[in-house]
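Give me the fold of what follows.
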Amino acid sequence: MRRREFIALLGDAAVTGPSVTSICRQVGRGIVLLFGIAIALPSPGGLPTAAAQAEPSSCEDIRKACRNAGFVLGGPEGDRLVRDCFEPIVHGTARPGGGRPLPNVPAPWPGNCQAGLAPSPANQRAYQPAPRIQTPFQPGASITPTVDLRPAIEKLGLTVRDQGDRGTCSVFATTFLIEYHDARNQNANGLDLSEEYLNWAKNQANKSDVDGGKFTDIIRGYEEFGMLAQKDMPNQPSFTPKHPVTPRRSLIADGKKFPRFRFKFIKEWDNQKGMSDKELEATKAALTAGRPVATGIWWLAHFETVMVDQVPLVKEYPRSANNNRDASKNPMFDGHSIDLVGFHEGREFPGGGYFIFRNSFGPRFGHDGYGFLSFDYMRNYSNDAIAIEPGD
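Next comes the predicted model:
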């Protein structure tokens, strides 16, 4: 999800994008995201639930073949269903050496699957800015969360970033995880790492030329090329595939000396279903242990919130609401990436609680750059989730 301005309405924007992985990396200019619009919330029993959206049959056939071959969601490296089997078959991505052999599938299946995963008209329309309405944020007792990493983040001097008018939300979300863990390990204040370098590293490692991308691709770039400080490769306001900003060889050598933290997938990428209860509990466990979690989610075409006990939760719709023939009527799309930095458990909230998330739209978004979404939202609309392994 790109972000242009918070209050001023600066025009519409078209979506462009090569995949459904996270259209946040491609959504265009002028989306006004105000936090939040007060909307009456139905009783918990009347809350919409996500209806499963049919995946192209060849994609599901490939997933079944991978499962039958022994690949599993969240398995060890070499045995992961999505990264080590599904993606290599469908997209030809690299896989670790020594892994279990890929299943043989009929030749038409990968092409049919790719065609079915192509961006839908919903991801190709121009988005209208949200209304210029901002509800005063008045924290109540329920805003005091069970786990909240924001004080630690503030103590480390890690200010909320602004990705500007670029589709690099997943790069920003991943950079924050690296930044937080490195700052905490070094007891450093004000660490400022370069999303621009990580975006370049991702393209180099994956032989691509896109702005932003999937967590799997970004991690691959980090593992191969490390990281640089922002001062060594400052973020740019735009991205030109034919003439990308490229670091000097000496800086690449410096980047490769950066510590490598190990990433764990709490949820492998699947944009047709959200987190399972087990994955939600693993997310809470990571946060309780002091480890933020980056997640790709479905996002709102027009940002709205619903107030629950004075907490402005991101509004959600059932998946069936996003199947309109007129794509301009779809209220949500895939998607955006954020960092989860806390949670609160309470029966009054949909799904039994809410998460605190750190956005990459600058400190003027939401509550000083942070927002809130319910456990139900994650159960329905989380595509994938990553955290840095314990001990790193």
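
low-scoring stretches of the stretch 101-250 of the chain, by residue?
By pLDDT under 70, the weakly predicted segments of the stretch 101-250 of the chain are 115-143.

how about the helices in it?
In the stretch 101-250 of the chain, helices defined by DSSP state H, counting those that start in this stretch lie at 108-116, 150-155, 169-186, 195-206, 215-225, 249-255, listed in chain order.

So what's the gap between the third one and the chain middle?
Between the centre of helix 169-186 and the centre of its chain there are 14 Å (Cα atoms, centre = their mean, to the nearest Å).

Specify the angle between that helix and helix 215-225 in degrees.
Calculated by axes from the mean of the first three to the mean of the last three Cα atoms, to 10 degrees, helix 169-186 forms an angle of 50 degrees with helix 215-225.

Mind listing what's buried along helix 169-186?
Neighbour counts over helix 169-186 (16 or more other Cβ atoms under 10 Å) mark 169-184 as buried. For the C-beta atoms, the positions are set from N, CA and C on the backbone; glycine is no exception.

Would you tell me which strand is longest in the chain?
If you go by DSSP state E, the chain has its longest strand at strand 332-345.

Run through the neighbouring helices and strands of whatever helix or strand comes next after it.
Sequence order places strand 353-358 as the next helix or strand after strand 332-345, per DSSP states H and E. Where contact means 3 or more Cβ pairs under 8 Å, 6 or more residues apart in numbering; DSSP states H and E, strand 353-358 is packed against strand 332-345, strand 370-374, helix 375-381.

For strand 353-358, what is the distance to the chain centroid?
Mean-position distance between strand 353-358 and its chain equals 14 Å (Cα atoms, centre = their mean).

Please apply the same query to stretch 254-266.
18 Å.

How about stretch 68-85?
Relative to its chain's centre, stretch 68-85 lies at 21 Å (Cα atoms, centre = their mean).

got the contact list for that stretch?
With contact meaning Cβ atoms under 8 Å, 6 or more residues apart in numbering, stretch 68-85 is reached by 63, 66-67, 86, 93, 95-96, 98-103, 216, 265-270.

ok, of these, which come out buried?
Here, 16+ other Cβ under 10 Å leaves 63, 66, 86, 93, 95, 99, 102-103, 216, 265-270 buried among those.

Give me the distance between the two termini of stretch 371-379.
17 Å (Cα to Cα, to the nearest Å).

who's in contact with that stretch?
35, 47, 49-50, 274-277, 280, 283, 295, 297, 305, 308, 311-314, 316, 338, 343, 349-357, 359, 365-366.
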